[in-house]
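S.K.: Fold the stuff below for me.
(one chain, ligands or ions: 1)
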Amino acid sequence: MRPSRKSMGVPLHSHQAIQFKLADMETQVEAARLLVRQAAASHDADRADKQLSSIAKLFASEMASRVGWDSIQIHGGAGYTKDVCVERLVRDNKLCEIGEGSSEVQRMLIARAEYAKRSA
Ligand SMILES: Cc1cc2nc3c(=O)[nH]c(=O)nc-3n(C[C@H](O)[C@H](O)[C@H](O)COP(=O)(O)OP(=O)(O)OC[C@H]3O[C@@H](n4cnc5c(N)ncnc54)[C@H](O)[C@@H]3O)c2cc1C
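M.R.: Residues are numbered from 1 along each chain as shown. Modelled structure (predicted):
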């Protein structure tokens, strides 16, 4: 966020609507971080949990797009331009929803693993 940017005479971050958006963004980032760490820990412990890896990959990559779009919104018109880096981050992140197992494929793997667990 551009700390110097003011609207209606006050910094952007003083507006509750912006604070709520930032809080939701931070919550999603932290949730993704925890999922990724948990999945990595299961691999490190030689107890690789493939379903958890898919959950972490799906949530983190889609979260980054959602948070990226929110970031563009907070930056206003400047966020839509190449003057600030967020539009590039959103474009670059889209590949994370496609490569190394697309979101659709991750959802199939998660559902299949869940079905296998519940019917075992
Ligand atoms: C910039 C870039 C770099 C890349 N780098 C690499 C790389 O280094 N190594 C590598 O191996 N690959 C790489 N890829 C390829 C990438 O892994 C594939 O694009 C990805 O796996 C999707 O395959 P596809 O493009 O053939 O899409 P398709 O398989 O044609 O799928 C198209 C869409 O349909 C969905 N879909 C497909 N099958 C199903 C199904 N059964 N059920 C529901 N939905 C389905 C997909 O999720 C996707 O949304 C790269 C791609 C890009 C754009």
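
S.K.: residue contacts, the residue nearest to Trp69 when sequence neighbours are not counted?
M.R.: Among residues not flanking Trp69 along the chain, Val90 sits closest, at 6.3 Å (C-beta to C-beta, 6 or more residues apart in numbering). Every C-beta, even on glycine, is put in place using the N, C-alpha and C of the backbone. Applying C-beta atoms under 8 Å, 6 or more residues apart in numbering to Val90 gives the contacts 65, 68-69, 71-72.

S.K.: 10 Å instead?
M.R.: 64-69, 71-72, 79 (C-beta atoms under 10 Å, 6 or more residues apart in numbering).

S.K.: could you pick out which of those residues are near the ligand?
M.R.: Among these, proximity to the ligand is found for none (C-beta under 6 Å from any ligand atom).

S.K.: which SS state does the residue nearest to Trp69 fall under?
M.R.: Judged by DSSP: H, G, I helix; E, B strand; the rest coil, the three-state class of Val90 is helix.

S.K.: Show the pLDDT at Arg2.
M.R.: What the model reports for Arg2 is a pLDDT of 65.

S.K.: Could I get the phi/psi values of the residue nearest the centre of the chain?
M.R.: The residue lying closest to the centre of the chain (C-alpha atoms, centre = their mean) is Met63, at 2.1 Å. Met63 adopts backbone torsions of phi -60, psi -40, taken as degrees, to the nearest 10.

S.K.: Name the strands paired with the helix or strand of the chain with the lowest mean pLDDT and say parallel or antiparallel.
M.R.: Across the helices and strands of the chain, mean pLDDT, DSSP states H and E gives its lowest value to strand 6-7, namely a mean of 90. Paired with strand 6-7 in the same sheet, following DSSP bridges, are strand 10-11 (antiparallel).

S.K.: shaky segments in the chain?
M.R.: Applying pLDDT under 70 to the chain picks out residues 1-3.

S.K.: Around the ligand, which positions in it sit nearby?
M.R.: Contacts of the chain with the ligand, taken as C-beta under 6 Å from any ligand atom, map to 95, 98-99, 102, 104-105.
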